[in-house]
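> coords please:
(chains A and B)
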Amino acid sequence: MTATAVEVRALTKTYRGRLRAAKRKALDGLDLTVDGGGRVHGFLGPNGSGKTTTLRALIGLVRADSGEVRMFGRSVPHELPAVVPGVGSLIEAPQFFRNFSGRRNLRYLNDVAGLPPTRVDEVLEVVDLTDRADDLVKGYSLGMRQRLGIAATLLKQPTLLLLDEPSNGLDPAGIRDVRSLLRRVAGEGTTVVLSSHLLAEVEQVCDEVTIVAHGRTIASGPVRDVLSQASASGGRLRVRVADLQAGQRTLAAAGLTAAAEAGQLVVTGVDDPSTVTRVLAESGIYLSELTPDRVGLEEAFLLLTDESGHQPDPKATT
Amino acid sequence: MSRLLSVEFRRFFARRLTRWAGVVLLLGIAAAGIGTFATSSKDVAAAHRSAQRHYEAFLQDQQAFRTDCLAHTPPDQVDEQCPPDESGATVENFYSDPRFSFHDHVGDLLTTGCVIGSLLGLILAASVIGAEWQAGTFASLLTWEPRRMRVAAAKVTAVVVGSLAIATVATALLLGVESLVAATHGTFTTVLREARPQPHFAKQTWALAGRAALVVMLVSGIGAALALLLRHTVAALGVAIGYLIVGEGIIGSLRHGDVRHHLLQSRLDALLHGRYEWFIPTRGPDGSVGFSSDHLAVVHALNAGIEALIFVALLFAVALTILQRRDVT
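Here you go, the predicted structure:
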């Protein structure tokens, strides 16, 4: 049985506004379960949905108002010192001393953890930064800093990696490299929690996904299941019947939206596919085929977050 | 904790600001040595000859003035207008010992080292910790060592001890340079004509050095605590300097300075110099304010040290409590 790497229950967090600014609820009873044992878990949500706050709470930077956080069965933040040696994290943009070289920055972190000095060169090699390791960080591009940040998370050879938008600033080749790196470390037994807005990336690399909106979990599970859930709840059904017009009229009379398309009826907004079967059968129309239209993660994300009443907040960064 | 401390010390001494401060201090020490060297000499005989020349010139001037005065003053006003020289000046009044006396200046050198070291400690401490907050590296470090108290303790220890080390080395260099000047262009004994014997000179000098070190540590500690609290270098320096200069200036002027001996500056002054004295204003029956040696407030070094330590400890208690509770974003 695989141990649970992360377990978050009913987490709430409200940020106090400065001066006259209003309070803002970042987490509103969020739940998150991430199984350990080398899985990659996508953590998705619109801007301001509470992803970064959750990751910050996991690593002890943010104190939650209520709820329970556990990593590898240990309570956070109380038992964090026992957990942190096995957790690598990159939350938002990686922060380094700008006037020190990349190597020196990594060496400091390496020494804090008491790791062998050779680890620094190893991780620099992994992120392909060896040639620029002795340059000052202030001369690095955004992508290079991101790679240095990833290198820092790998120093500890973590059993859990918390990554918040690790592909930010990377070029397509860099994004591909990160993707293969994540698969590789997962293959070596490291569990990865990947917060990203690049849905295609998440769909390609993740085994499981949790989608959050308004500080609440709205879907969670294996990627395939979440896509099915989205397909079923807000997705489309393709129905093949002999008389398209009769079928369309019958479904419309039952309050369902159906459109004829390529010899089939495309029914949208159906919670339960059996409703379509029942409505048509009651009118003496028997369907010969009913297929849920498989949606991609992007569509599922939009469907699920729209259903939760999300109002996009492009400036929010929680 | 030792690993954290080691990293913090290395980072403190690797910072550009620390290195620049070191360079500026070295230049200042060199300038002070050159200045002292250029303005001092071991040629006591020449100084005596110079004093004799000046004394004779003075007598001649006095004589010429009286002669001229007698020639132009009515006889009944001569006693009033042209009195004989009663200054009692001797050749000794025109003598200034050209030698640099290490003995007479060592206290001033230590005090100067303490003042510069304290200012440097305040800036370095506020800068090292404040810059980490601004750059976000404080948060990064907490993802490696989540015990905030440990991280804060390591950083504060590094900046306070580091600042003290720099101040100590700089003061030692200053003393070394000045002792070289004393060896070549001066003396290690006193050159004061009315020198009072100081049987415990060495002990007093070491005590002054110890108290100066404590002042540097306390002031650096204030900078570090404020930077932990305010999470910003400029804010920390602004509050520290604003309070010490403007705040205490205003408070010190209240009630005719009656409260002055309660201020932090007075405490640090007393700690450095061994004691701080302040005349307490008294009101006469007509409401006028007067000062008298009968009403003298004295703050001794021990009390001042304990109270300043309590002040800094309270500041740290507030800063660490807030650090422990507040989110790190």
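
> pull the number of nearby residues for B:Ile245.
Neighbour count of B:Ile245, defined by other Cβ atoms under 10 Å in any protein chain shown: 11. In short, each C-beta sits where N, CA and C put it, glycine included.

> distance of it relative to A:Leu161?
For B:Ile245, the distance to A:Leu161 (Cβ to Cβ, to the nearest Å) stands at 50 Å.

> again, but for A:Val185
Counting by Cβ to Cβ, the gap from A:Val185 to A:Leu161 is 7 Å.

> looking at these two, which is more packed in?
A:Leu161 (26 against 22).

> can I assume the more buried one is in contact with A:Gly86?
No - counting by Cβ atoms under 8 Å, A:Leu161 sits too far from A:Gly86 to count as a contact (10.0 Å).

> walk me through the domains of chain B.
With domains defined by automatic domain parsing, chain B comprises B:2-41+B:100-325, B:44-94.

> what bits of chain B have low per-residue confidence?
Applying pLDDT under 70 to chain B flags residues B:193-199, B:255-258.

> all helices for the stretch 101-250 of chain A, in order.
Under the criterion DSSP state H, counting those that start in this stretch, the stretch 101-250 of chain A contains helices at A:102-112, A:118-126, A:142-154, A:172-187, A:199-205, A:223-233, A:244-253.

> again with chain B
B:2-14, B:16-39, B:44-72, B:78-81, B:102-135, B:137-142, B:148-185, B:201-230, B:233-241, B:248-253, B:264-273, B:301-325 (DSSP state H).

> output the ones you listed in CSV; the columns should cover distance to chain A and mean neighbour count.
Below are the helices of chain B laid out as CSV (distance: least, Cβ to the nearest Cβ, whole Å; neighbours: other Cβ atoms under 10 Å in any protein chain shown):
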stretch, distance to chain A, mean neighbour count
helix B:2-14, 5, 17
helix B:16-39, 6, 14
helix B:44-72, 52, 13
helix B:78-81, 74, 11
helix B:102-135, 6, 21
helix B:137-142, 5, 21
helix B:148-185, 9, 19
helix B:201-230, 14, 21
helix B:233-241, 14, 19
helix B:248-253, 26, 14
helix B:264-273, 30, 22
helix B:301-325, 7, 16
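
> nearest to A:Glu289, out of those?
Across these, A:Glu289 has its closest neighbour in helix B:137-142 (55.4 Å, Cβ to Cβ).

> ok, the residue of chain B found nearest chain A - how many residues close by?
Using Cβ to the nearest Cβ, the single residue of chain B nearest to chain A is B:Gly136, 3.3 Å away. If you count neighbours by other Cβ under 10 Å, B:Gly136 ends up with 17.

> next, the contact list for it, please.
A:93, A:95 (Cβ atoms under 8 Å, 6 or more residues apart in numbering or on different chains).

> what's it sitting at in phi/psi?
With angles defined as degrees, to the nearest 10, B:Gly136 sits at phi 90, psi 0.

> measure A:Ala82 to B:Pro146 for me?
Per Cβ to Cβ, A:Ala82 is found 10 Å from B:Pro146.

> just how off-centre is stretch B:274-289 within its chain?
Between the centre of stretch B:274-289 and the centre of its chain there are 26 Å (Cα atoms, centre = their mean, to the nearest Å).
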